[in-house]
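Asks: Quick one: sequence plus predicted model below, questions after.
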Amino acid sequence: MVSVTQVMNTKKSATCQKDACISDVALLVVSSAAPNSIKALILTDGLIETVDSAVLCGLSNMSVLVLSNNVIFTIMDNAFQNLTVLRTLLMDHNRITSQSLDRSTFSCLSKLEILQLGNNALRVIDGSWFQNSKALKALFLEGNLLTSLNSTSFGSSDLRNLETLGLSDNLITYVGQDSFHNLPRLRSLDLSRNRLQNAPNAFSYLSWLSLLNLDLNRWNCTCELRELASFLNSYIQSPSKVLYNGQRMICERSDNPAIWTVLELTEANCAPANSNISVQVVAKGSSTPQHYIRDVAITAACSFLGGVGIMLGVLALVYRKLNKRITCWQVKTATEGQAAQATAQWDYSEDKEALSMCYALHNSNYKDHQPWNKDVSYDIPVNNQFICRNCCSANLETGYQESRWRRKTLLQRSNQMGIQHNRKDDWSSHAKSDQLKDTASLSRIKDVQRFTEKDDSNTYHFQTQENDPQHGVSQDLPTMRIQHLMDQEKEKREENRKDEEEGEGKNLKTVLGIFTKKQFTMLCVGVSLVVLLLIITVTSFVVTLNSDTGSSETLVLFPTDGDMLEFLLQNGEIKEKDGLSATWYHSANSKAEMNKALQSGAMILEADVNIQGHNTLNETNIPIMAHPPDIYSDNTLEEWLDTVLKSKKGIKLDFKSLQALEPSLDLLRKKNETGINRPVWLNADILHGPNVPNFWPVINATRFFGLIQTKFPDVTISPGWTVLYLPFYPNATYTQAMVEKMYDHVRHLPQKITFPVLAVMVKNGWPHLSWLLKQSSRFSLTLWQGSENPTVNDLLFIRDNSNPQRIYYDIYEPVLSQFKEAASKYHQNLFYHKPFLLFITKPAFQHCSEQKDRPRRFYPGGDIVDYFKPANNNGLNIQWETVTDRNSLLSILKDSPGGMLVIPVISGIDKPKFPVVEDSDPELPLQDCLELILASKNPWGIYLRVKSQTQLAVSLQLLQQAYDMGLLYHPTWLNMDIAHGIFNFQGYMTGQEFLRTINQIFPHVTVAPSWPQEALDQGYTLQLVKDMIKLFQGTWQDVSLQLQAVYLERSETRFKSLLQNQPRFSLTVEHRTGKEGLSGGNHSVTSLHKGYRELTFYNMANSYKNNFGSTDYAFN
């Protein structure tokens, strides 16, 4: 067996022929060194690009061939035609596309049993590849870019004995009913980690199937899926059949909220696929935003009604108590005042003829009298009953008002007993009767009798005379007087009541001198209700406004490996998918920082994960939130997740140690069982970046990616570089080697990838980073800020040359606000309006850049289709003009709307060291030419056709100066006739020297090489084109091969097939009017345009374009 070491050692001895080293084609060397009896050949982790039949022709006895982990993208026809006994072929982890394979690729491998094509770039499966593969038993296609399977995938194949089929880690969203009909003996099928939503009746006919893996897909659990659910439930009943992780076939969408997995779906509990039932999976303890607003509204209404009820009750109680107190106070005041007045007005008048009788009874309100009790009132002697002949009251109402009802009671009782108030005999006889047997009554009668025996006129007694001539009073006069006095009392009582009501009304109007008591009370109630309503409204508004920091917030169903901008858009955080709209909170590790982040307006939380007690004797298996050198924290990852998952924040976890990764992934998988419902980004620094020595520790990339794929693959991976910014090395940046190494690590990963890059280093490394973005639509960049602030101009440069959906900005204030303000001022006028010289000072440039409508900062090496945005993105619609002198340039700049300006550059006659425009008279220096172009307001591209080898470096230096000053934001192409390989003619600069000069001085251009005229006698032959492609295949710049229309007529080369795997290459067809006239090359140019129009440009006059025509052509 030939080992990898032997192969690599052999490669080192390879020689280079005609400046083209073939040491990277290891198979060529191995074939000559390997014996014919070799049984197995292993060539892994190399740089093999092409597999040719000539390489393996002498290895006819080989049964095992391993070509894994190379860069194979081309497999020539019948490459394996001599390997008739080959049984195992492993070609995983290469760059094989669907175009790399055809029906002849494996047609000679009739005994092949195991074929590994995993982790390549296959987008479709063609059954014709396996027309002669009846012996094949295991086919592995995992980790490709497959999107669907249908009846044509294996329909024309001969895989009658295939037993194992691996299709995991693809992008498959649909499996048709007849996808596997041609695989009758299939026993093991792996479709895990895809994007399957439905698979109607796709497996029921596979009678031999015993191992099925459908784990980690995106099932849409509607009634359309019940056939699959029914099949799986019956499938797992058989003891000989295995369904891997059947309980993890979780529904991503379901019409019935009670259904969580596919196996739970039945005909009884499914709902129609187009029903109006909507299902949301919410975080534990949370509610939907609509329910939250509803609950707040209900709470506010109930609080308001409750507050109103309580307020009314309190006011009614206060009003009642207040009225009682006011009444008691008025009665007391009136009583005391009248008593005092009555006492002061007693007058003894002996001239009075009328007999005045005054009774003072117990239970009155006089001072020192006890309350009257009818049960004991007769025990009290009637000592206070008196008659005064000579005394009368000036205000009889005083005595009667306090005890009027008691007098009435006495009179009623005495009348019932038959006693005349002025007859002593009645009192005496009555006392001897049997009507009064109790001691109290007898005591009273004796007292009355005692008082009546006194006849002194100055003594108080009862008058017993029946007739008094002196006074003219009859026997019944006292009774009549008492009755008269009682009538007067009643009248006065009515008058006093009216007076009291009038007085009370007058007193009520004294509140603030304006309101009555009733009005004032109503006013207080109204003001209280308004204040209460305001409090409840303000509280509800504040609660709703701060709902994102509440204890629980609602999130609709969203996959953890979904797009972050899509998540923010669905949750109403942003209005459009723009990475600049997403806001970040950095290092939300401790509980204090985490809570601060949750209360902030940040949409994505970035936090660092380490293991507790990392690299100490106290190291545990608990992941904590801490950034080195901290190895302890008050916040574990589990606590952090429990809190953050109640919000609507996105999550980015930056792992600082590999030990923390595995328990963290287990925890994430557990949390996702109840729904994380947001994108999860996992970050780690896996490579050494700018200014970082190789001994600096980094996370092991293989282990990092392997754990993610095994434990919790549904994430966005964020692999980065360790970087160190040094102010005295400001130009240090991400190199081509760094970027390519990163791409080699991630190119086979199925997840979305975002690369974290230090913002201050991005502009200088943009050529390499933009190349990385072009490799896959799944790639994006996340710009993060360190201790050094990036400039707004650098950030604008990145934004203007990228898709806003693929760049995130983790930038601090105030730079972020300044950047957003400047970015919002971009408009389609790409250039400054005021003319200025090329070599102006930076303050002057800053003044220009602060205009209200800023120009676009276009990368000079960028795509001209993106710059000019021609109709239908067709290169034919880009205008080209040739500069001959100053006047022609001024005329073009004035009259033309914009386009590519072709500037032929030679050495000056007067000043040979300075580049000038060819044929200009007087000579137009290249510096003046550039000044005029950069001062124009129209969009212009610069195409320098350097015809003098001595002027290449000088021209590049002029471009570099303009770029450094922030003036060169135009697409810039550099053309030169070069010598290389089969077209290595004398008098021309070699291709290697051409590239080296560009990369050393000003690499930010599109390289536009052309062949020497002497090499084109037979047109563009296949070898000419292959040598040119090989020369520039390793460059990171865009390359546009320059073709002349007249020589295309002599060519049979199929450029499309040669360039289909070269995404950075394009073609530019030039027509130089000469003896061939307008018809020269017409047919070939038309054919080229029809077959390769998206990446073909046309440096020719409009008249020629009209001549060969284009239905979608539109002049600017």
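Replies: Thanks, I have it.
Asks: how close does residue 936 sit to residue 903?
Replies: Per CB to CB, to the nearest Å, residue 936 is found 14 Å from residue 903. Every residue, glycine included, has its C-beta placed from N, CA and C.
Asks: which one of these two has more residues nearby?
Replies: It is residue 903, of residue 936 and residue 903, that has more neighbours when counted by other CB atoms under 10 Å, with 25 against 21.
Asks: and the closest residue to that one other than its chain neighbours, what does it touch?
Replies: Counting by CB to CB, 6 or more residues apart in numbering, residue 903 lies nearest to residue 883, which is 4.9 Å off, once chain neighbours are set aside. Shown in contact with residue 883 (CB atoms under 8 Å, 6 or more residues apart in numbering): 889, 892, 901-904, 917, 924, 929.
Asks: Repeat that for residue 184.
Replies: Contacts of residue 184 by CB under 8 Å, 6+ apart are 160, 207-208.
Asks: could you redo the last one with a cut-off of 7 Å?
Replies: When contacts are counted by CB atoms under 7 Å, 6 or more residues apart in numbering, residue 184 touches residue 160.
Asks: Which secondary structure state does it sit in?
Replies: coil (DSSP: H, G, I helix; E, B strand; the rest coil).
Asks: measure it to residue 157 for me?
Replies: In terms of CB to CB, residue 184 sits 12 Å off from residue 157.
Asks: now swap in residue 733 and tell me
Replies: Applying CB to CB, the value for residue 733 to residue 157 is 49 Å.
Asks: Filter the contacts of residue 883 down to just the ones in helices.
Replies: Within those, membership in helices is found for 889, 892, 929, as judged by DSSP state H.
Asks: which residues sit in contact with the first one?
Replies: Listed by CB under 7 Å, 6+ apart, the contact set of residue 889 reads 883, 929, 932.
Asks: just the second one next, same as before
Replies: Residues near residue 892 by CB under 7 Å, 6+ apart: residue 881.
Asks: hey, where'd the strands end up in the stretch 51-200 of the chain?
Replies: Per DSSP state E, counting those that start in this stretch, the stretch 51-200 of the chain carries strands over the ranges 64-66, 74-75, 88-90, 114-116, 138-140, 148-149, 164-166, 174-175, 188-190.
Asks: could you give me the average pLDDT of the fifth one?
Replies: Read it as strand 138-140. Computed over strand 138-140, the mean pLDDT rounds to 94.
Asks: same deal with the second one?
Replies: For strand 74-75, the mean per-residue pLDDT is 87.
Asks: ok, now the first one?
Replies: For strand 64-66, the mean per-residue pLDDT is 91.
Asks: so which helix or strand takes in residue 524?
Replies: If you go by DSSP states H and E, residue 524 is part of helix 517-545.
Asks: Restrict whichever helix or strand comes after that helix to CA atoms and write it as CSV.
Replies: Using DSSP H and E, the next helix or strand after helix 517-545 towards the C-terminus is helix 564-570. Extracted in CSV, the C-alpha atoms of helix 564-570 (Å, rounded to 0.1, in the frame of the first residue of the first chain):
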residue,chain,number,x,y,z
MET,A,564,-31.5,36.0,12.8
LEU,A,565,-32.9,38.9,10.7
GLU,A,566,-36.0,36.8,9.8
PHE,A,567,-36.6,36.2,13.5
LEU,A,568,-36.3,39.9,14.4
LEU,A,569,-38.6,40.8,11.5
GLN,A,570,-41.3,38.3,12.6
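Asks: Tell me which residues are up against helix 564-570.
Replies: Counting by CB under 7 Å, 6+ apart, 556, 558, 574, 577, 579, 582, 603-604, 650, 678-679, 805 sit against helix 564-570.
Asks: Distance to residue 74 added to the residues you listed, as CSV?
Replies: Output for those, formatted as CSV (distance: CB to CB, whole Å):
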residue, distance to residue 74
556, 46
558, 41
574, 44
577, 37
579, 36
582, 41
603, 45
604, 42
650, 41
678, 42
679, 37
805, 33
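Asks: Mark which of the residues you listed are buried, thanks.
Replies: By neighbour count, with 16 or more other CB atoms under 10 Å, the contacts of helix 564-570 hold 556, 558, 574, 577, 579, 582, 603-604, 650, 678-679 as buried.
Asks: Name the nearest of those relative to residue 825.
Replies: Residue 825 lies nearest to residue 579 out of the buried ones among the contacts of helix 564-570, by CB to CB, at 18.1 Å.
Asks: give me phi/psi at the closest one?
Replies: With angles defined as degrees, to the nearest 10, residue 579 sits at phi -60, psi -30.
Asks: Show the contacting residues for the closest residue to it other than its chain neighbours.
Replies: Distance criterion CB to CB, 6+ apart; nearest residue to residue 579, sequence neighbours excluded, is residue 808 at 4.3 Å. Counting by CB under 7 Å, 6+ apart, residue 808 touches 579, 582, 754, 780, 782-783.
Asks: For whichever strand or helix holds residue 808, which strands pair with it and how are they oriented?
Replies: Here residue 808 sits within strand 807-810, counting by DSSP H and E. Sheet partners assigned to strand 807-810 using DSSP bridges are listed as strand 779-784 (parallel).
Asks: Could I get the buried residue list for the partner strand?
Replies: 779-784.
Asks: Between those residues, which sits nearest residue 1064?
Replies: Nearest member of the buried residues of strand 779-784 to residue 1064, counting by CB to CB, is residue 779, at 15.5 Å.
Asks: And that closest one, how far from residue 49?
Replies: For residue 779, the distance to residue 49 (CB to CB) stands at 22 Å.
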